[in-house]
Every structure is written in C-alpha cells, then in structure tokens.
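# Sequence and predicted structure, then a few things I'm wondering about:
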Amino acid sequence: MRRPAYQSGGVRFGHGFPMSRWVLRLMIANFAIFLLTALRIIPMSAIEWLGFAVPGFLTRPWTIVTYMFLHGGFAHLFMNMLALFFFGPPLERKWGSRFFLKYYLATGLGGAAFSVLLYSLTGPTLMIGASGAIFGLLVAFALNWPDAKIFLYFVFPVPAKWFVAALGAFTLLSTAQGSPDGVAHWAHLGGLVTGFVYLRYGERIGRLVQQALYKEKKAKTVKPVRVEPRRKRRPKPANGSPSSGPRHRRRTDGDSLDEVDRILDKIRAGGMDSLTPRERAFLDEVSRQYKETQQPEKKSRTH
C-alpha cells in the first residue's frame, strides 16, 4: 500500500496528493485580485478601502476579511500561495473542506485581532496579505505531522515541529522590534497563536461560550406536595334508601367534590392566599353544610 505523501517520515511537497477544492479556490481568488489590481481594473486607491487598519476598522468592518486577499507585490503573493499549495491540501484532506475554510479564515482574523491588541506598538499601519492565515496553516501542519520534513530553502530538511517553533520565536522577536522592514510580523504571530489555541482549546472554548450564552435559568425549588388520590364516585342510591339523606347527597355530588378537590390542591401548592374570594366563599358554604349534616350524628352519640 502506498503511503500518502503528507504522512510523517518524509514529505515531497507538490507530489503524491491532488490539489484540494478550497486550496485551489483560495489560490485563484488571490491571483485574480492581484491581477485585477496590477491591470488597474481595481484602482490602487481601493486598497485603502480593502486593507485592514485599526483606525478605520469601525467604518470599514469588511476589511478584517478582504485584507487577506490583497498583496503588496508578486513576491509577497507567490510566497504565500506557495505555502498554501504545500501545506493546504494535506490539512483539507484530513479535516474536510468546511473545517479547513473555517480554520483558514479564523487564523486570518487572528492576525487582524493582534493588530488591534498591539496597536500601541504597531501604530496606524495598513495591513494586507494572507500571511496570518498561512502561518496558521504552518502551526496546524506541525501539530498534525510534527516529524514531517520541511525543506528549508528547498535544501535543508527540518522537522515541522522545530521549523514552526523557530519561526514562532523569530516572529515574536520581530514583533517586539516593530516593523522597520515593512512586514506586519504581528499578523504572523496572530496567525500562529490563533491557530494553536483554535486546535488545542477551540472545542473547550466553544462549549464555555455556548454555556454562557444559552445557559438555562434554574427553576425555583418548590417543596414537593403530596397529592392524595381523588375519591371514586359512589353510585347514587335509590329513592327511599336509608343512605339517601342530605349527607349522602352531598358526597355523591360530583361537581362539588371535584371543585373541593381542586381547591384543596391549590391550597397545597400555594397556600390559602392563593384562593380567590369566590373559592373562599365556596369553601365556607361546604363547611357550613358539612357541620349541619354532622349535628344529628353528634347528638346520637351522646344519647
């Protein structure tokens, strides 16, 4: 069985695996926008409206995405697309197109976010390029295939984990020194950090955010109420029966019994204060009738 070219133990970039769907689309989009800009079909002044800058972010929020598809020159574009061609297809084949695209955009947004966080250091700089997303792909490749060989300058094989670690250290140092070379190193750093956090802690962070946004309110604790089963209705005795007196007629009155049971249930659940004046009057009337029917029995017991 032939081993896929992106597995650990040696990688021959550009050979052994087909171009993936979203990698091809992203490359076409980046090259097309560069060509339109170079031919002045898209005027150069539009770069200020599509590039990301912290001072104008609130008035141009779309720039957090559009800046990733602009490049300052062909060399800048070529290096980013070359890295996308090398590292993108293995990741898209492993994750699937949907997760790959979501991760690519998230790391690109991370580059813009670091520009906001480090604004006191970077200043009002216009940022363009897909480097933040590309650095996110680098850290993802190193996490998935840490021992795969990356050929530095196409000559020196370096394990992916050490290559990305050295790249991260260099990017951090360059960010601390500012950008005298005109390169937005903080965007590279943002892509690296966002990619690492997204892959290692993304699911946990997602669950915490979901719990915070959709946390259900705890229901108020209610003391359990013991509800006694309702008494079965007795058949109505024939006329003239000894039990057909007023007391028995009251007990066989289904409507009255149902109403008494309902009110008693309501008292158990909410107390006497929950009763309406009509319900209180009904209870008083039933109580009076009950006392009247009990008087003969009491007298018969005392004789």
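The structure has been received and is ready for your questions.

# What's the first helix or strand after the helix or strand bottoming out on mean pLDDT in the chain?
In the chain, no helix or strand scores lower on mean pLDDT, DSSP states H and E than helix 246-251, which sits at a mean of 43. The first helix or strand that comes after helix 246-251 along the chain, using DSSP states H and E, is helix 254-270.

# Could you name the helices and strands sitting against that following helix?
Counting contacts by 3 or more C-beta pairs under 8 Å, 6 or more residues apart in numbering; DSSP states H and E, helix 254-270 is packed against helix 277-302. Yep, even glycine has a C-beta here, placed from its N, CA and C like the rest.

# what ranges do the helices span in this protein?
For the chain, helices defined by DSSP state H occupy the ranges 21-38, 47-50, 63-66, 74-95, 97-117, 119-122, 131-144, 160-176, 185-214, 246-251, 254-270, 277-302.

# Just put these in JSON lines and tack on mean neighbour count and distance to Tyr153.
Formatted as JSON lines, the helices of the chain follow (neighbours: other C-beta atoms under 10 Å; distance: least, C-beta to C-beta, whole Å):
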{"stretch": "helix 21-38", "mean neighbour count": "16", "distance to Tyr153": "22"}
{"stretch": "helix 47-50", "mean neighbour count": "16", "distance to Tyr153": "31"}
{"stretch": "helix 63-66", "mean neighbour count": "18", "distance to Tyr153": "32"}
{"stretch": "helix 74-95", "mean neighbour count": "19", "distance to Tyr153": "12"}
{"stretch": "helix 97-117", "mean neighbour count": "20", "distance to Tyr153": "25"}
{"stretch": "helix 119-122", "mean neighbour count": "14", "distance to Tyr153": "29"}
{"stretch": "helix 131-144", "mean neighbour count": "25", "distance to Tyr153": "16"}
{"stretch": "helix 160-176", "mean neighbour count": "17", "distance to Tyr153": "12"}
{"stretch": "helix 185-214", "mean neighbour count": "17", "distance to Tyr153": "19"}
{"stretch": "helix 246-251", "mean neighbour count": "14", "distance to Tyr153": "101"}
{"stretch": "helix 254-270", "mean neighbour count": "14", "distance to Tyr153": "80"}
{"stretch": "helix 277-302", "mean neighbour count": "11", "distance to Tyr153": "90"}
